[in-house]
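Q: I'd like to go over a predicted model; first the sequence, then the structure.
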Amino acid sequence: MTKEFLSYLSLFIALFVGALYYSDTLHTPLTSTLNAIKSSYHDSIAWVVNGYERHFFQASKIDELKTQLKDCEKSRLLIKQYQTELAALKTIHGSDLNTSPDIELVRALSYQQHGNFNKVWLEMSDFNASRLYGLTYKEYVAGIVSAYENKPLALLNQEIKSSYAVTVGATEAPGIAHGNNDENLVVKFIPSWYEINEGDEVVTSGLDHIFFKGLKVGKVLSSSKSEGYQTAIVKPYYNPNRTDFFYVIKEVK
């Protein structure tokens, strides 16, 4: 009786796990519930850690914040200078160009599927499922954000469906970067008349309205030519092991 019970139990567990993995009927509501639990858990942990630090590390934390404040003040003055100069240029040329990107700090909740480390659920406010968003980690491009079942899903650089417009090298050769489920990225459709060299830096072009221009992607490892275009293999700057917090570019301008 015990052996039969264990056999039936093992079969039931196997069927349940299979249905959970391959069927959206079970997978979708369970994922939503788990993500809600994880979000509450992260909030609780952050509250406890912040309270602990406030009581036991006040002196060192104050010194650290003072240093950060000095750096922020310096950056704020530089930004103010650039804003003033830009405003003057816009006035001289009669331009009404808007340059105020909207950026949001978001938290990663979990991988979409076990074993696939290129797709991550995000906790994001005011998500518009009809569009794509740029995703960065610090100053580096990390991928894009798209909708899956009307929820924000990060497609990291190595994911094949993660693609965006870039330029390569000092000549700003145009191309399209995307993942190939490998540690490196691929930049395709670079016109053949541009010179591409090992070590050339790859940055976003801003022409896809996903990223603004000049965000760092990586450096060229090698390139090849075929059918009138060039393809470059690029070593990305972003380390995909860091998947805790990201910045989402909600509006480019």
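A: Sure, I can see it. Numbers count the residues shown, from 1 in each chain.
Q: Domains of the protein: list them as residue ranges, please.
A: As given by automatic domain parsing, the domain ranges for the chain are 2-54, 57-93, 163-236.
Q: and the ones you listed, which one's lowest on average pLDDT?
A: Ranked by mean pLDDT, the domains of the chain bottom out at domain 2-54, with a mean of 59.
Q: What are the boundaries of the strands in the protein?
A: Secondary structure of the chain (DSSP state E): strands at 102-113, 116-123, 133-137, 140-148, 151-156, 163-168, 173-178, 185-191, 201-204, 216-226, 229-236, 245-251.
Q: same question for the third one, mean pLDDT?
A: In this case it means strand 133-137. Mean per-residue pLDDT for strand 133-137: 94.
Q: Just name whatever secondary elements it is in contact with.
A: Contacts defined by 3 or more Cβ pairs under 8 Å, 6 or more residues apart in numbering; DSSP states H and E place strand 133-137 against strand 140-148, strand 151-156, strand 245-251. In short, each C-beta sits where N, CA and C put it, glycine included.
Q: Next, the buried residues of it.
A: Buried residues in strand 133-137, defined by neighbour count with 16 or more other Cβ atoms under 10 Å: 133-137.
Q: Provide a list of residues in contact with the residue lying closest to residue 136 once chain neighbours are set aside.
A: Once flanking residues are discounted, residue 136 sits nearest to residue 247: 4.7 Å by Cβ to Cβ, 6 or more residues apart in numbering. By Cβ atoms under 8 Å, 6 or more residues apart in numbering, the residues touching residue 247 are 103-106, 135-137.
Q: rerun that using 10 Å as the cut-off
A: Neighbour list for residue 247: 103-106, 134-139, 142 [criterion: Cβ atoms under 10 Å, 6 or more residues apart in numbering].
Q: again, but for residue 234
A: Listed by Cβ under 10 Å, 6+ apart, the contact partners of residue 234 are 157, 166, 168, 175, 177, 184-187, 200-202, 217-223.
Q: Just list whatever residues bridge to it.
A: For residue 234, the beta-bridge partners are residue 185, residue 220 (DSSP bridges).
Q: Just the pLDDT for the closest residue to residue 182 other than its chain neighbours.
A: Leaving aside its chain neighbours, residue 182 sits nearest to residue 158 (6.6 Å; criterion: Cβ to Cβ, 6+ apart). The score at residue 158 is 93. That number is its pLDDT.
Q: correct me, but residue 158 touches residue 183?
A: Yes: Residue 158 lies in contact with residue 183 (Cβ atoms under 10 Å); the separation is 7.0 Å.
Q: These two - which one has more neighbours?
A: Each of residue 158 and residue 183 has its neighbours counted (other Cβ atoms under 10 Å); residue 158 has more, 20 against 11.
Q: So the residue nearest to residue 151 when sequence neighbours are not counted versus residue 187, what's the distance?
A: Closest residue to residue 151 apart from its sequence neighbours, by Cβ to Cβ, 6+ apart: residue 121 at 6.7 Å. Distance, residue 121 to residue 187, using Cβ to Cβ, to the nearest Å: 28 Å.
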